[in-house]
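Colleague: give me coordinates for this.
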Amino acid sequence: MEPITWNDFEKVHLCVGTVLTAADLPNARKPAYVLTIDFGLYGTKRSSAQITKHYSKAELIDKQVVAVINFPEKQIGSIMSQCLVTGFADADGDIVLAAVERPVPNGTRLI
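Modeller: Numbering: from 1, shown residues only. Predicted structure coming up:
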């Protein structure tokens, strides 16, 4: 693992957002959802997320998630992903979302 500097870390905008909608991502190689997430002052962004093993679409609505919001947009299947929702792989390789312990304002940045 290569060390990074504080300046490197400051370039990554890890922010909290609230999931507004969750839908199936059609024709995905692996099952995934398309999430629409409210990041407050940073606006609303879409992301694809391979989190179908642990989360239903219904339980994602109003859930706060942590995402990198300053990556360039990337084509993922039929959508343009505008942020990267973060999580950890469990023992089976399925993703468990990184989340905040208590509600915080949308757009709050990890410090």
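
Colleague: tell me, what residue is most central in the chain?
Modeller: The residue at the geometric middle of the chain, judged as the C-alpha nearest the mean C-alpha position with CA atoms, centre = their mean, is V85 (1.6 Å).

Colleague: pull the residues that contact the lowest-mean-pLDDT helix or strand in the chain.
Modeller: Comparing helices and strands within the chain by mean pLDDT, DSSP states H and E singles out strand 74-76 as the least confident, with a mean of 91. Around strand 74-76, the neighbours that count as contacts under CB atoms under 8 Å, 6 or more residues apart in numbering are 25, 32, 48, 80-81. Every residue, glycine included, has its C-beta placed from N, CA and C.

Colleague: what sits up against the helix or strand following that strand?
Modeller: Taking DSSP states H and E as the definition, the helix or strand that follows strand 74-76 towards the C-terminus is strand 79-81. Residues from elsewhere that reach strand 79-81, judged by CB under 8 Å, 6+ apart: 25, 34, 46-48, 73-75.

Colleague: residues in contact with the residue nearest to the centre of the chain?
Modeller: Contacts here follow CB under 8 Å, 6+ apart; on that basis V85 touches 35, 37, 47, 49, 51, 65-67, 97.
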